[in-house]
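> Give me the fold of what follows.
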Amino acid sequence: MSLVTSGPTETQAAATVAGLRATARITARTDARGTTRLPVLDGAGPFALRRIRAHGDQARVCVVGAMSAPLGGDRLGIDVVAEAGAALHLTTAAATVALPGRTAGHATYDVRLTVGEGARLDWLPEPLISAEGSELRMTTTVELAPTARLVLREEQVLGRSGERPGALCSRLTIRRAGRTLLDQETAYGPGTPGWDTSAVLDGNRAVGQLLVVAPEFDDKPVEVRLLGDAAGSGEGAGQGVLAPLAGPAALATAVAPDALLLRRLLDEAAGSFAAG
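Residues are numbered from 1 along each chain as shown. As a prediction, the model looks like this:
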């Protein structure tokens with residue numbers, strides 16, 4: 001039996017006015033054999049969480065988008081905790097697309113990552129695409145124990161093919177043992193002066209970074225390395241730089257004409273870590 005209504009329910013109408021509120025939660029914990037388990041795997045709203053094949057003792061989770069989000073007015077979040085000794089790899093099934101919504105006002109997307117003693121967290125989502133007409137404020141906040149390890153990739157694409165970007169403001173904050181390793185904020189699109197000038201993106205439409213935190217960087221910091229065009233590898237392939245941070249961390253930052261070229265630059269930086 002199917003039920004047909006002439007209009008939205010009160011709950012649906014309220015969601016339309018206020019936007020969607022949803023937070024997904026993941027907790028990784030080691031068992032007695034040292035294998036990482038997932039006692040908390042709680043999807044919500046547009047976030048469906050899927051276990052994928054583990055790699056050794058590392059648990060792996062893919063975030064699958066169950067609906068179009070974030071839209072204007074949405075308040076979305078992901079909370080992840082890797083407890084002491086755990087190893088967790090997180091990715092997404094596809095790019096996240098910020099779209100204009102029916103409600104006035106911006107959308108928010110907050111990612112909160114906590115990594116305990118001796119734990120490792122890889123946060124490697126597919127790109128965020130800022131579609132024309134959207135307005136998104138995104139924050140990523142990471143709290144690391146002194147012996148924690150982190151691999152974090154962040155990629156942003158300004159507009160889909162042939163369209164102008166939406167308004168995107170993004171803040172990334174990394175703290176280790178309560179001390180700040182990195183705290184940066186970027187903004188692009190309508191309402192942001194100078195974002196597309198030669199001093200900032202210079203016509204590029206993809207920007208991203210790869211951050212690695214590892215205790216051994218205290219004794220052996222990463223050496224500065226230029227990437228792509230900055231290293232003289234060719235024209236139009238984008239450019240970037242890999243550099244140590246003030247702490248056991250290194251950051252690769254890159255800009256490129258599109259998402260594919262951006263990923264190549266960040267993969268080049270990742271290869272430098274592997275070689276080291």
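
> for this structure, which spans come out with low pLDDT?
Within the chain, the segments meeting pLDDT under 70 span 1-18, 66-67, 233-235, 274-276.

> where exactly do the helices run in it?
Remark: helices assigned in the chain by DSSP state H are 10-18, 259-275.

> and the nearest residue to residue 106 once chain neighbours are set aside, what is it in contact with?
Closest residue to residue 106 apart from its sequence neighbours, by CB to CB, 6 or more residues apart in numbering: residue 135 at 4.0 Å. C-beta coordinates here come from the backbone N, C-alpha and C atoms, glycine included. Contact partners of residue 135, counting by CB atoms under 8 Å, 6 or more residues apart in numbering, are 72, 98, 100, 105, 106, 107, 166, 167, 168.

> Then residue 143?
Neighbouring residues of residue 143 by CB under 8 Å, 6+ apart: 113, 114, 115, 175.

> taking those residues one by one, which sit in strands?
Using DSSP state E to define strands, the subset of the contacts of residue 143 located there is 113, 114, 115, 175.

> of the residues you listed, closest to residue 259?
Residue 259 has its nearest neighbour among the ones in strands among the contacts of residue 143 in residue 113, at 22.7 Å by CB to CB.

> Compute the number of surrounding residues for the closest one.
When neighbours are defined as other CB atoms under 10 Å, residue 113 has 23 of them.

> Which residues does it form beta bridges with?
residue 80, residue 142 (DSSP bridges).

> Pull the contacting residues for it.
Taking CB under 8 Å, 6+ apart as the test, what residue 113 contacts is 80, 82, 121, 123, 140, 141, 142, 143, 150, 152.

> May I ask which of the residues you listed has the most neighbours?
Highest neighbour count within these: residue 82, with 31 neighbours (other CB under 10 Å).

> was I right about it contacting residue 123?
No: between residue 82 and residue 123 there is no contact under CB atoms under 8 Å: 10.0 Å.

> can you count the residues close to residue 188?
22.

> my guess is it contacts residue 194, does it?
No: when contacts are counted by CB under 8 Å, residue 188 is not listed as touching residue 194 (10.2 Å).

> Output stretch 100-115 as CSV, nothing but the C-alphas.
What follows is stretch 100-115, C-alpha atoms only, in CSV (Å, rounded to 0.1, in the frame of the first residue of the first chain):
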residue,chain,number,x,y,z
PRO,A,100,22.9,26.1,-3.9
GLY,A,101,19.8,25.2,-1.8
ARG,A,102,16.3,26.3,-1.4
THR,A,103,17.0,28.1,1.8
ALA,A,104,18.9,31.3,2.2
GLY,A,105,22.3,31.3,3.9
HIS,A,106,25.5,29.2,3.6
ALA,A,107,26.1,25.6,4.3
THR,A,108,28.6,24.3,6.8
TYR,A,109,30.6,21.1,6.7
ASP,A,110,32.8,20.3,9.8
VAL,A,111,35.2,17.4,10.0
ARG,A,112,36.7,16.6,13.4
LEU,A,113,39.5,14.1,13.7
THR,A,114,41.0,12.8,16.9
VAL,A,115,44.1,10.5,16.9
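
> now residue 80: how far from residue 216?
For residue 80, the distance to residue 216 (CB to CB, to the nearest Å) stands at 24 Å.

> cool, residue 148 as well?
Taking CB to CB, one finds residue 148 at 13 Å from residue 216.

> what sits against the spatially most central residue of the chain?
Centroid-nearest residue in the chain: residue 154, 4.4 Å away (criterion: CA atoms, centre = their mean). For residue 154, the contacting residues are 125, 128, 140, 170, 172, 208, 209, 210, 211, by CB under 8 Å, 6+ apart.

> Could you report the neighbour count for the fourth one?
Applying the criterion other CB under 10 Å, we find 20 residues in the vicinity of residue 170.

> So what sits opposite residue 167 in the bridge?
Beta-bridge partners, per DSSP bridges, of residue 167: residue 135.

> these two touch, right, residue 36 and residue 30?
Yes: under the criterion of CB under 8 Å, residue 36 makes contact with residue 30 at 5.6 Å.

> Of the two, which one has the most company?
residue 36 (23 against 20).

> Report the separation between the nearest residue to that one once chain neighbours are set aside and residue 143.
Nearest in space to residue 36, with sequence neighbours left out and distances taken as CB to CB, 6+ apart, is residue 59 at 4.1 Å. Per CB to CB, residue 59 is found 19 Å from residue 143.
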